[in-house]
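[1] Mind folding the following:
(one chain, ligands or ions: 2)
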Amino acid sequence: MRSFSRRAFMGSGFAASALLAGCQTGGLWSNKKKPNILFIFTDDHAQASISAYRKHLKDAAPTPNIDRIAADGAIFERSYCANSICGPSRACILTGKHSHINGYIDNERCLFDGDQPTFPKYIQQVGYQTALIGKWHLVSDPQGFDHWEILPGQGSYINPDFLQQDGGKKRYSGYCTDIVTDKALDWLQSKRDKTRPFVLMCQHKAPHRNWIPPERYYDLFKEVEIPEPETLFDDYKERSPALAQQKMSIAKDFNWAHDMLMHGEPTDPRFESSFGNDEYNRMTEAEKKRFDAAYGPESEALKKALAEGKMSDTQLTKWKYQRYIKNYLRCIRAVDDGVGRLLDYLDDSGLADDTIVIYASDQGFYLGEHGWYDKRWMFEESFAMPFLIRWKGQIKPGSRSQALIQNIDYAPTFMELAGLKVPADMQGVSLVPLFKKSGIAPVNWRKSLYYAYYGERTHHVARHDGVTTERYKLFFLPDMRGDARWQLFDLVEDPQEMRSLHADPAYHRVFIEMKAEYYRLRKRYLVNSSTIPCSRNAEDWWMKRFNEKTRECRKTPACQLLFLGDSIIHGFDGSGKSVWDTNYAPFNAINLGFSGDRTEHLLWRIKYGAFENLKPKVAVMMIGTNNTGHLQCPAAESAAGVKACLDELRAKLPGTKVLLLSIFPRGKDASDPLRLINDKINATISGYADGVTVHHMDIGKVFLDQAGVLPKEVMPDALHPNTEGYERWAKAIAPKLKELGLAVERDELR
Ligand code: SGN
Ligand code: CA
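    Ligands and ions are numbered 1, 2, ... in the order given. Modelled structure (predicted):
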């Protein structure tokens, strides 16, 4: 576990007591006892597998105890996350802010900035005791909790380890879900200070992959067939080609041992074989025996059928679905048992009246819908989160809410429940007004929600963001081309989201309106994609070049000159090679140009690049033309992206002088619309120079003729220089490089 102490994100450096002055309010509870909050939270629990949601699995796999919460309180049927993946969802919940603001945008390289304000820290200041037990997954140590005991990373189902507050680690025998519940009960019964209100976050690993039930449920559902979702055999037609590119398909991407609980290597090519079953490896010999007795016969029968060639693709997908869904639902059954034990305890101890109980999960999950498992997409099944709440005496039992709510609303809600004003920088809104009205939205309640997923290598789901209203949903996929970037769904006519309507003339007006709403929400939530660090990890060459460049940076401490940018700089490896060799190679220069990069990609590379052994005299940076070319980003947004790269670079290389170049002219002549956007970016970024550390040059005119036309002899495609273009470039900046300290005679460097 790393503890977090880097430069504070968004200028946080949080001092709860200092901020609290502005947050205190007589509020709800001036004369009453403040309510306790028991927040039961699972990992990857789809609404369809909670019977109170009345979806297709309701009869096959009832969840009587989770349902008790809804029966005694309310269930929210339009409850969503802001970013459908674990760490990010948790960060949204703690901060009440979208991912790009709280900084935890993906599970790949992020580390939660625990110094920033979070709701537990705020409410601690007004007397609440805060406790966290179970899955955390935010890498840095929890802050704002009086008591915590957490699973390392994803945690394990079988005989799990728990990280302790004192820095130690303890292993417990048994099944994780039961142990987390035991620990929560133990804290309630004997560890807390009974004179103070509390928030207890009881956070399960279940039902996260790989799905291992407790022994008592190995045989549950054994003789039954669980209903299949209607879209199990989705062909991904009539939507963006991005859908077919994912790697989370039941038919193709299940691992033989890890997911399907088989032993050894696959006996059929329709299974992935790359990793084993770590949970099985954690079992004692006796536990392994009982596991094998339960799963072995069915596994052997499958192997036999496969060997005899008796399994068609369709039959095998159905088999895989059954094995998957049964284990998933068995894991849920154990969660439901735990919920029952906690509810019983509240009843028996007399705490039930004063304790709000919430059941939620970090995101939804595909239970075979669209042929998938996993999450990430903005399609309903994984965008939706369960949200059930019981608040005796306040919420009318049996309420069903259709209000659009999101996980960024939880922190504001907890603030209000604790009698605090919601801080102005929290982006969610308190749900308390909904609770007071049986879940019915007040007239001024939000009409739309913003969502963003930033892409990861795992499962290859394309980066996208979007907006949903009550009826329509719009996706934007920035890394797809042209028309494939947009998807529009009518959730009333097509609840399964099987046909995108963005090009359907009948939906033209809706498309325009939804785009306007999308841009409105991006503005409201301060989303500028150009400043949000993002990798292009789905592209193999890109990641390979990044890794190679990381190594090159580490082993070239003599480097005196860096070039950072997109294909125009990358081209020093191609048409510009001779120019590079003559002019820059003698300085042990490193080319950090990556074809197709936008500011957000360069920002990611600077953030996660290896600069620790480097002390170059000069870094030449030019970036932004792809923000214009790919997405026609507004100039102000791209300029802010350039600034973000510049700031990150200066933080990484404080002793290096930066030569920031204006983006080169593009397009045939001065009236080219993309060139005009670049001109605007250039007008802004020239102001980023201070003449001391950051220097600026606009050398565009060395490529242009007198009429402002870009001649083919210099830039044949009106975007990238040829060798002659690179010559002119080198000549134009040579005096500046000399002035900035690269004046050492080349002979001396050799
Ligand atoms: C692991 C899983 C993935 C899952 C991610 C994120 N693979 O990488 O299937 O998408 O976690 O899940 S596994 O090999 O560990 O099973 S999350 O809940 O943390 O977001
Ligand atoms: Ca999750």
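
[2] Now for the residue of the chain found nearest ligand 2, how many residues are close by?
    Going by C-beta to the ion, ligand 2 is nearest to Cys86 of the chain, at 3.6 Å. Quick note: C-beta positions are derived from backbone N, CA and C, even for glycine. By other C-beta atoms under 10 Å, 22 other residues sit near Cys86.

[3] what's the residue of the stretch 451-600 of the chain found nearest ligand 1 in contact with, if anything?
    Nearest to ligand 1, among the residues of the stretch 451-600 of the chain, is Thr458, at 5.0 Å (C-beta to the nearest ligand atom). For Thr458, the contacting residues are 107-108, by C-beta atoms under 8 Å, 6 or more residues apart in numbering.

[4] Just the local confidence number for it, please.
    pLDDT for Thr458: 93.

[5] What residues does the residue most central in space within the chain make contact with?
    The centroid of the chain falls nearest to Asp106 when counting by C-alpha atoms, centre = their mean (3.6 Å). By C-beta under 8 Å, 6+ apart, Asp106 lies in contact with 85, 87-88, 454-456.

[6] Tabulate those in TSV, adding columns for secondary structure, neighbour count and distance to ligand 1.
    Supplementary listing: those in TSV, determined by DSSP: H, G, I helix; E, B strand; the rest coil; neighbours: other C-beta atoms under 10 Å; distance: C-beta to the nearest ligand atom, whole Å:
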residue	secondary structure	neighbour count	distance to ligand 1
Ile85	coil	28	4
Gly87	helix	22	7
Pro88	helix	31	8
Tyr454	coil	25	12
Gly455	coil	22	13
Glu456	coil	19	8
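
[7] what phi and what psi does the backbone show at Ser84?
    Main-chain dihedrals, Ser84, degrees, to the nearest 10: phi -80, psi 70.

[8] Please name the nearest non-neighbouring residue to Asn613.
    Pro557 (4.8 Å; C-beta to C-beta, 6 or more residues apart in numbering).

[9] in the stretch 1-150 of the chain, which spans are helices?
    For the stretch 1-150 of the chain, applying DSSP state H, counting those that start in this stretch gives helices covering 16-20, 64-72, 86-95, 99-102, 119-124.

[10] where does this protein dip in pLDDT?
    Per-residue confidence for the chain (pLDDT under 70) gives these ranges: 1-32, 744-750.

[11] need the residues of it near ligand 2, please.
    By C-beta under 5 Å from the ion, the residues of the chain that approach ligand 2 are 43-44, 86, 362.

[12] Restrict these to those that also contact ligand 1, please.
    43-44, 86 (C-beta under 6 Å from any ligand atom).

[13] count of neighbours near Asp193?
    As a burial measure, Asp193 scores 10 neighbours (other C-beta under 10 Å).

[14] Tell me who's in contact with it.
    Asp193 touches Gln129, counting by C-beta under 8 Å, 6+ apart.

[15] That one: helix or strand, and which one exactly?
    Assigning secondary structure by DSSP states H and E places Asp193 outside every helix and strand.

[16] could you check the distance from it over to Thr130?
    Separation of Asp193 from Thr130 (C-beta to C-beta, to the nearest Å): 12 Å.

[17] cool, and Phe291?
    For Phe291, the distance to Thr130 (C-beta to C-beta) stands at 37 Å.

[18] and the closest residue to Asn36 other than its chain neighbours, how many neighbours?
    Closest residue to Asn36 apart from its sequence neighbours, by C-beta to C-beta, 6+ apart: Thr355 at 4.2 Å. As a burial measure, Thr355 scores 23 neighbours (other C-beta under 10 Å).

[19] list the contacts for Thr355?
    Neighbours of Thr355 in contact, by C-beta under 8 Å, 6+ apart: 35-38, 346.

[20] Got a quick PyMOL command for the buried subset of the residues you listed?
    Per 16 or more other C-beta atoms under 10 Å, the buried members of those correspond to this PyMOL selection:
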select buried, resi 35+36+37+38+346
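
[21] if we can go back for a sec, what's the distance between the residue of the stretch 451-600 of the chain closest to ligand 1 and Ala683?
    With distances taken as C-beta to C-beta, Thr458 is found 41 Å from Ala683.

[22] Would you mind measuring from the residue in the stretch 551-700 of the chain positioned nearest to ligand 1 to Cys534?
    Nearest residue of the stretch 551-700 of the chain to ligand 1, counting by C-beta to the nearest ligand atom: Tyr608, 18.7 Å away. As judged by C-beta to C-beta, Tyr608 and Cys534 stand 11 Å apart.

[23] between those two, which one's more packed in?
    Neighbours per residue (other C-beta under 10 Å) separate Tyr608 from Cys534, with Cys534 holding more: 22 against 13.

[24] Next up, phi/psi of the more buried one, please.
    With angles defined as degrees, to the nearest 10, Cys534 sits at phi -150, psi 130.

[25] and if you look at Val618?
    phi -140, psi 140.

[26] wait, doesn't it sit right on Thr656?
    Yes: using C-beta atoms under 8 Å, Val618 is in contact with Thr656, at 6.7 Å.

[27] hey, what's in contact with both of the two?
    What both Val618 and Thr656 touch, as defined by C-beta under 8 Å, 6+ apart, is the set Leu562.

[28] before we move on, back to that, which of the residues of the chain next to ligand 2 sits closest to Asp669?
    Closest approach between those and Asp669, by C-beta to C-beta: Cys86, at 50.4 Å.

[29] Return the residues in contact with that closest one.
    43-44, 107, 137, 208, 362-363.

[30] switch the cut-off to 10 Å
    Listed by C-beta atoms under 10 Å, 6 or more residues apart in numbering, the contact set of Cys86 reads 43-44, 106-107, 135-138, 154, 208, 361-363, 375.

[31] still on that earlier bit, which pair of the residues of the chain next to ligand 2 spans the longest distance?
    Maximum pairwise distance among these (C-beta to C-beta): 7.9 Å, between Asp44 and Cys86.

[32] what is in contact with those two at once?
    Joint contacts of Asp44 and Cys86 (C-beta under 10 Å, 6+ apart) are 208, 361-363, 375.

[33] mind putting the residues you listed in TSV, distance to Met283, neighbour count and secondary structure included?
    Compiled in TSV, those are given as follows (distance: C-beta to C-beta, whole Å; neighbours: other C-beta atoms under 10 Å; DSSP: H, G, I helix; E, B strand; the rest coil):
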residue	distance to Met283	neighbour count	secondary structure
His208	18	24	coil
Ser361	26	31	strand
Asp362	27	28	coil
Gln363	29	29	coil
Lys375	27	25	coil
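
[34] buried ones in stretch 214-226?
    Neighbour-count burial for stretch 214-226 [16+ other C-beta under 10 Å]: 214, 217-218, 220-221, 226.

[35] nearest to Phe198, of these?
    Closest to Phe198, out of all of these and judged by C-beta to C-beta, is Pro214, at 27.8 Å.

[36] Now the closest one: closest residue in space, sequence neighbours ignored.
    Excluding its sequence neighbours, the residue lying closest to Pro214 (C-beta to C-beta, 6+ apart) is Tyr175, at 4.1 Å.

[37] who's in contact with that neighbour?
    157-160, 181, 206, 212-217, 331, 334.

[38] Check for me that Leu388 belongs to a strand.
    Yes: counting by DSSP: H, G, I helix; E, B strand; the rest coil, Leu388 is found in a strand.

[39] out of the contacts of Thr355, who's nearest Phe414?
    Comparing the contacts of Thr355 against Phe414 with C-beta to C-beta places Ile37 closest, at 6.5 Å.

[40] Could you check how far the closest one is from Tyr359?
    Counting by C-beta to C-beta, the gap from Ile37 to Tyr359 is 12 Å.

[41] Now this protein against ligand 1: closest residue?
    Of all residues in the chain, Cys86 sits closest to ligand 1, at 2.9 Å by C-beta to the nearest ligand atom.
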